[in-house]
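# fold the following for me, if possible:
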Amino acid sequence: MQITFKLFATLTDYLPPEARRGNQLTLDVPPDAPIARIIEPYGLPPKLVHLVRLPVLRVGFAFEGVDADQRQRFMKRFDLYMQRGGG
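The predicted structure follows:
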């Protein structure tokens with residue numbers, strides 16, 4: 001998949017010279033690539049990476065043959081695994 005890799009302020013020094021003016025690159029990465037693998041080729045110290053914008057995937061559910069308790073348990077577990085950090 002393609003992502004837009006943007007760095008701001010002094011972090012633009014980690015981009016290739018031809019990308020520094022616009023402070024971004026378009027990269028092809030595997031859909032399951034962790035952030036650490038994406039930043040590694042650019043020598044970015046992981047502790048300097050703070051803001052990562054992730055795409056939103058809207059999902060709708062249609063439950064058949066389950067009662068309200070089963071549906072609630074599923075949604076609680078699903079929500080637990082789909083949470084993102086914030087602040």
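
# which phi and psi does the residue lying closest to P46 once chain neighbours are set aside have?
Using Cβ to Cβ, 6 or more residues apart in numbering and skipping residues adjacent in sequence, the residue nearest P46 is A36, 6.2 Å away. Yep, even glycine has a C-beta here, placed from its N, CA and C like the rest. Note on A36: backbone dihedrals following degrees, to the nearest 10 are phi -60, psi -40.

# next one, pLDDT for A36 please.
We have a pLDDT of 87 for A36.

# gap between the helix or strand that contains R71 and the chain center?
In this structure, R71 sits in helix 68-82 according to DSSP states H and E. Chain-centre distance of helix 68-82: 22 Å, with Cα atoms, centre = their mean, to the nearest Å.

# swap in stretch 5-16?
Averaged C-alpha coordinates place stretch 5-16 at 18 Å from its chain's average position (Cα atoms, centre = their mean).

# and if you look at stretch 12-26?
Its chain's C-alpha centre and that of stretch 12-26 lie 20 Å apart, by Cα atoms, centre = their mean.
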